[in-house]
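**Student:** Mind looking at a prediction? Sequence and model below.
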Amino acid sequence: MKCASLVVALTAATAGLLGTPPAAHAATCPDIEVVFARGTTEPPGIGRTGQAFVDALRRDLGTKTVGVYAVNYPASTDFPTGVQGVVDGSTHVAATAASCPNTKLVLGGYSQGAAVVGFVTADAIPAGYAVPPGTPLPLPVAVADRVAAVALFGKPSPKFMAAIDEPAVPLGPAYANKTIDLCAGGDPICSQEGGNSAAHSMYAGNGMVQQAADYVARRL
């Protein structure tokens, strides 16, 4: 997520995105839009945990319409490329807030995606990091106010982030009181002492997506 050469590459790769913010489809704005970042090595989309979370939220919300946006980034083991997700996620959130004034936003992420979403909420860009010009970071207060809730699953711990030479995942103060941050017992990615690697892949089926959906639904 750092270094000037990466910024140059990202600027070129996202020039079209930043020049023309993604359309929020004003004519068909949903009641709620879930912006979700998948985990490492999951195929493009919102991933297994993200889909389970959206399905549970839709059940909780009944007749309310729920749109879904998959944060566009590599989700690879080349972790610095996660900045592409921070750029894409923040740009989409800002564009949706502007184009769909009555839509409530929900941010979510799993594993590396939870780190991406954490950086989207940050109230400052970490020292030594940079993003392409025009990226709406930090997100304006008016946009933060439009985010009803944040759901994070298996967010990398400070210990894990230090091991890959990245800063700890932030959570902006504007989001702290509307975030559910879930870590399965023994998950070595999100806990300081976890040793059960299987736990990190169990969020879609261990009841935590429903716990998060219930929390988010109450905030909506």
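**Tutor:** That came through, no problem.
**Student:** CA atoms for contacts and neighbours, from now on please.
**Tutor:** Will do.
**Student:** Which strand or helix spans the residue nearest to A97 when sequence neighbours are not counted?
**Tutor:** Distances taken as Cα to Cα, 6 or more residues apart in numbering place V143 nearest to A97, at 6.2 Å, with adjacent residues excluded. Element membership of V143 [criterion: DSSP states H and E] is helix 141-144.
**Student:** mind listing the strands for the protein?
**Tutor:** 32-37, 66-70, 104-110, 147-153, 179-182 (DSSP state E).
**Student:** where's the second one relative to the chain centroid, distance-wise?
**Tutor:** Computed by Cα atoms, centre = their mean, to the nearest Å, the separation of strand 66-70 from the middle of its chain amounts to 12 Å.
**Student:** For the longest helix seen in the chain, name the packing helices and strands.
**Tutor:** Counting residues, the longest helix found in the chain (DSSP state H) is helix 83-99. With contacts defined as 3 or more Cα pairs under 8 Å, 6 or more residues apart in numbering; DSSP states H and E, the secondary structure elements packing on helix 83-99 are strand 32-37, helix 112-121, helix 141-144.
**Student:** and these as JSON lines, adding distance to G186, mean neighbour count and mean pLDDT?
**Tutor:** Below are those laid out as JSON lines (distance: least, Cα to Cα, whole Å; neighbours: other Cα atoms under 10 Å; pLDDT from 0 to 100):
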{"stretch": "strand 32-37", "distance to G186": "22", "mean neighbour count": "26", "mean pLDDT": "98"}
{"stretch": "helix 112-121", "distance to G186": "17", "mean neighbour count": "28", "mean pLDDT": "97"}
{"stretch": "helix 141-144", "distance to G186": "32", "mean neighbour count": "14", "mean pLDDT": "94"}
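**Student:** To N206, which of these lies closest?
**Tutor:** Closest of the helices and strands packed on helix 83-99 to N206 is helix 112-121, at 17.5 Å (criterion: Cα to Cα).
**Student:** neighbouring contacts of that closest one?
**Tutor:** Defining contact as Cα atoms under 8 Å, 6 or more residues apart in numbering, one finds that helix 112-121 is touched by 36-40, 75, 79, 82-83, 85-87, 89-90, 107-109, 125, 137-139, 144, 152-156, 169-172, 174-175.
**Student:** Buried ones from the residues you listed, can you make that a ChimeraX selection?
**Tutor:** Selection command for ChimeraX covering only the buried members of those, criterion 16 or more other Cα atoms under 10 Å:
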select :36,37,38,39,40,75,79,82,83,85,86,87,89,90,107,108,109,137,138,139,144,152,153,154,155,156,169,170,171,172,175
